[in-house]
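K.L.:
for reference, the sequence and a predicted model appear below.
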Amino acid sequence: MGEWRRSHYSGQLSSENQDEEVTIAGWVHEIRDLGGVMFLVVRDREGEIQITLPDSKVSDNLSQKASNLNKESVVMVRGIVKEDERAPGGFEIIPEQIKVLSQAKTPLPFEVSGNVNTDLSTRLNSRFLDLRRSEIASIFKVRNTVLTKVREFLETDGFIEINTPKMVATATEGGTDLFPISYFEREAFLNQSPQLFKQMMMSSGLDKVYEIGPIFRAEEHDTHRHLNESISIDIESAFADHNDVMEILEEMIAYIIEGVKKECKKELKEIDSKVEEPELPLKRLRYEEAIEIANQKDIDVLWGEDLSTPAEKAIGEEIGDYYFIVDWPSEIKPFYAQPKDENSDLSKAFDLMHPEFEISSGAQRVHNIELLKERMIQQGLDPNDFDFYLDAFEYGMPPHAGWGLGAERLIMAITSQSNIREVILFPRDRKRLIP
RNA sequence: GCCCGAGUAGUGUAGUGGCCGAUCAUGUAGCCCUGUCGAGGCUACGACCCGGGUUCAAAUCCCGGCUCGGGCGCCA
């Protein structure tokens, strides 16, 4: 590379650069030799640019160098920009010098520039190469925008970003399986959720906190919408009830989608995403109404049961947009979900649903320590295992509410991907631990 | 974890007892070609997941294993 530095990304060239000397850097996307003229297409993060080598205008030496290149090799090209309507994009570069920084081995694990489809599994084995396809890179550019918008929205709303431990001594709330790890002489676990820690922060006076971090689930699920390691977007707000945080959630979703539509036009087009901003306020469907819809569609759900996958799909089809399910039975929601004042069989818990899957769940939390202990016992947990958590409720705990949102689920919805593994760089699922 | 399906060149596929010394596309290599843009033309290269079994004969049928996919369950 020497003293050479990239002067422009391919997408930055315009008629203002006519006859200018530029230096571009990227991967050899295509090589086409027509005899008297050769075309190299160099690809970088922002697009592609054609390098044209007419025998009459470039040295034999340079032509020889270009023809020896393999696809996907890394090169820097210094040359003169020429506007030419025959070139894709309207511009091309007549090279003066080409530096081959890394010759790619052949054959490639799969084609980057061709039209042959490749199985997801094969692609994931060589994810670095997969990301060289712009439609794949687009998904991750959208992902970046989603996470940026989350921070923008929550920061503007006065939330403080926190980080809580991922190595913990006990199960957060029972139910799910944890990955055991070795912590010096003790057994420990990878945390399934920041739930208990963010609730403890409600006792701290920070009032409104959020965390974007990994969660780990040792469940043996193996589906298109489950991961064993994923990113959770969690908030917790003091002096708030479930309705308050549902409003935050729906407004945040709308803000994210609006932002993505504005800032990722090119990427959305590339991945053919039909994302639409939801109409607010989102429908609040009572649990009871939800099972009625399922039952009407001949999917049996009994009161007190969680909604099965076919039930979720049937209801989502009926609603057709994001929606909340509220008034869940207390017994199928975690111990920390606050029962409703007028009927304790129901809870102040909610799920946010995309027509095809759940993307978030939350609740107003129990802040009364006696009730909290009672509910732990009801759900088969021993309050003594949770002293570190319960202590925070002993010395002044305000009413509070919050939710956890699966980042990949949301990104999957926004990018119209049918497999969650498409929206995470290196998925961890039942079968895959490498790479 | 359960049920179902599938494993054929680097990639994606056709072939479901003999017609297969295995199809097509892409790729790779070489040659021709001065404006390609899914470039084109010609030539060559490259594969039946592994192990057992049935049969005169197995890519094809059976059994086991491994891997992958779909559905479900499980799942703050």
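P.N.:
Sure thing, it's come through. Note that this is a predicted model, so its numbers are computed, not measured. Numbering: from 1, shown residues only, chains lettered A, B, ... in the order given.
K.L.:
distance from the chain centre to stretch A:412-428, please.
P.N.:
Counting by C-alpha atoms, centre = their mean, to the nearest Å, stretch A:412-428 is centred 7 Å from the centre of its parent chain.
K.L.:
in that stretch, which residues are buried?
P.N.:
Residues of stretch A:412-428 classed as buried: A:M412, A:A413, A:I414, A:T415, A:Q417, A:I420, A:R421, A:E422, A:V423, A:I424, A:P427, A:R428 (neighbour count, 16 or more other C-beta atoms under 10 Å). In this view, the C-beta of every residue, glycine as well, is placed from N, C-alpha and C.
K.L.:
ok, stretch A:333-349 next?
P.N.:
A:K333, A:P334, A:F335, A:Y336, A:A337, A:Q338, A:P339, A:K340, A:L346, A:S347, A:K348, A:A349.
K.L.:
how far off centre is that stretch?
P.N.:
Here the centre of stretch A:333-349 is set off from its chain's centre by 30 Å, with C-alpha atoms, centre = their mean.
K.L.:
what lies in contact with that stretch?
P.N.:
Residues from elsewhere that reach stretch A:333-349 (C-beta atoms under 8 Å, 6 or more residues apart in numbering): A:173, A:175, A:195, A:199, A:241-242, A:287, A:326-331, A:361-367, A:371-372, A:375-376, A:378-379, A:381, A:401.
K.L.:
just the buried residues of these.
P.N.:
Among the contacts of stretch A:333-349, those classed as buried by 16+ other C-beta under 10 Å are A:173, A:195, A:199, A:241-242, A:287, A:326-330, A:361-367, A:372, A:375-376, A:379, A:381, A:401.
K.L.:
which ones are touching A:H226?
P.N.:
By C-beta under 8 Å, 6+ apart, the residues touching A:H226 are A:R217, A:E219, A:I420, A:D429.
K.L.:
out of the residues you listed, which are close to RNA strand B?
P.N.:
The subset of the contacts of A:H226 within reach of RNA strand B, by C-beta under 7 Å from any atom of the strand, is A:R217, A:E219.
K.L.:
out of the contacts of A:H226, list just those in strands.
P.N.:
With DSSP state E as the criterion, strands contain none of those.
K.L.:
just the buried members of the contacts of A:H226?
P.N.:
Buried by 16+ other C-beta under 10 Å: A:R217, A:I420, A:D429, out of the contacts of A:H226.
K.L.:
next one, pLDDT for the last one please.
P.N.:
Taken from the predicted model, the pLDDT recorded for A:D429 is 90.
K.L.:
surely it touches A:S230?
P.N.:
No: contact criterion C-beta atoms under 8 Å: A:D429 and A:S230 do not qualify, at 10.2 Å.
K.L.:
and the strands in the stretch 201-350 of chain A?
P.N.:
A:208-216, A:229-238, A:283-286, A:323-326, A:349-354 (DSSP state E, counting those that start in this stretch).
K.L.:
one step back: inside helices: which ones of the buried residues of stretch A:412-428?
P.N.:
If you go by DSSP state H, the buried residues of stretch A:412-428 have A:M412, A:A413, A:I414 in helices.
K.L.:
how near is the first one to A:G316?
P.N.:
So that's A:M412. Separation of A:M412 from A:G316 (C-beta to C-beta, to the nearest Å) stands at 14 Å.
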